[in-house]
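Chemist: Attaching a predicted model along with its sequence, questions to come.
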Amino acid sequence: MASPVTGAGNFVSTLPKYEEIKKAAKTPGQTEEMGQQAFLTLFTTQLQNQDPLDPVKNEAFVAQLAQFSQLEATTKMAASMGSMATAMQSDRLVAGTSLIGKKVATPNGTAQLLNGANIAGVVSVPNGADKVTLDVYDQLGRKVFTQSLGRQAPGEVQVRWEGYNDKGERMPEGRYNVQATVSSFGKVTQVPISTPSVVRSVTFNGTTNEMMVEVEGGGSVPLSQVKRVDG
């Protein structure tokens, strides 16, 4: 009969081979977490090289099988979730293309001034204001127009710039930035103005996982920030 010492020695001798396969199953840059194929390779190697005098007990065998089943289920779930995310991204992109050519209101305060037209917007003052001031800047950041709108009740304030500077001169066509300053109880803050722009394209930002709307005149905003869509 073989002695226990001999059996233990045979088992120990298989450890270098086990560790070698374990190391080979990992590719450069992998973490300590194993994938499905690596786990199966290690599990099979362990069975092939187990100590014949002290084989894997049924409880341990069942536990490892359960671990493998859990890993397989997790892998399939991850693949399924990835496919679902891709499908949802495609659906959102298709839905977003319906906005191309339409006028949307975005809270970036930027809008295109056309010949003979004006720029309208909305300022939200949920708590009201002692004074609301409207400022308009050209593409070089120069202030071309300012107007005091006085005291405002809580709610939305409709604002409009007719396209003239402080001297009464008509400004050329182009992109302008409209800003509002709200004074309330001695505190002065800038609040966003929702201004209209025509959508040129819709893209998906993989970094932020958001749909981005590009408007005429340059610039883009997340689709979630679009306040209104006009036909």
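Modeler: Cool, the structure landed. Residues are numbered from 1 along each chain as shown.

Chemist: Report the mean per-residue pLDDT for the strand ranked longest in the chain.
Modeler: In the chain, taking DSSP state E as the definition, the longest strand is strand 193-205. Taken as a whole, strand 193-205 has an average pLDDT of 82.

Chemist: Give me the three-state assignment for the nearest residue to residue 201 once chain neighbours are set aside.
Modeler: Excluding the flanking residues, the one nearest residue 201 by CB to CB, 6 or more residues apart in numbering is residue 214, at 4.6 Å. (Glycine included, C-beta is placed from N, CA and C.) Secondary structure, DSSP: H, G, I helix; E, B strand; the rest coil: residue 214 is strand.

Chemist: Test my guess that residue 214 contacts residue 199.
Modeler: Yes: Residue 214 lies in contact with residue 199 (CB atoms under 8 Å); the separation is 7.2 Å.

Chemist: Mind listing residues that contact stretch 211-231?
Modeler: 92-93, 96, 99, 102-108, 110-112, 122, 174-175, 194, 196-205, 208, 210 (CB atoms under 8 Å, 6 or more residues apart in numbering).

Chemist: Identify each buried residue in the longest strand of the chain, please.
Modeler: Across strand 193-205, burial judged by 16 or more other CB atoms under 10 Å covers 193-200, 202.

Chemist: Need the pLDDT of residue 169.
Modeler: Residue 169 is assigned 95 on the pLDDT scale.

Chemist: That one and residue 70: what is the separation?
Modeler: Applying CB to CB, to the nearest Å, the value for residue 169 to residue 70 is 73 Å.

Chemist: returning to that earlier point: could you dump the buried residues of strand 193-205 into TSV and include distance to residue 150?
Modeler: Shown next, in TSV, are the buried residues of strand 193-205 (distance: CB to CB, whole Å):
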residue	distance to residue 150
193	17
194	20
195	21
196	24
197	28
198	32
199	34
200	36
202	39
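
Chemist: just the residues you listed now: which is nearest residue 156?
Modeler: residue 194 (8.8 Å; CB to CB).

Chemist: could you list every residue that touches that closest one?
Modeler: Contacts of residue 194 (CB under 8 Å, 6+ apart): 105-107, 121-124, 227-228.

Chemist: ok, 10 Å please
Modeler: Residue 194 makes contacts with 104-109, 111, 120-124, 156, 159, 178, 225-228, as judged by CB atoms under 10 Å, 6 or more residues apart in numbering.

Chemist: swap in residue 173?
Modeler: Counting by CB under 10 Å, 6+ apart, residue 173 makes contact with 112-117, 163.

Chemist: just residue 198 next, same as before
Modeler: 99-104, 111-112, 215-217, 230.

Chemist: Looking at those residues, state which has the most neighbours.
Modeler: Counting neighbours by other CB atoms under 10 Å, the top entry in the contacts of residue 198 is residue 111, with 29 neighbours.

Chemist: Just the buried residues of stretch 204-215, please?
Modeler: Those would be 210-215, for stretch 204-215 by 16+ other CB under 10 Å.

Chemist: Secondary structure element for the nearest residue to residue 147 once chain neighbours are set aside, which one?
Modeler: Closest residue in space to residue 147, ignoring its immediate chain neighbours: residue 134 at 4.6 Å, by CB to CB, 6+ apart. Secondary structure assignment for residue 134, by DSSP states H and E: strand 131-137.

Chemist: Could I get the pLDDT score of residue 219?
Modeler: Confidence score, pLDDT, at residue 219: 74.
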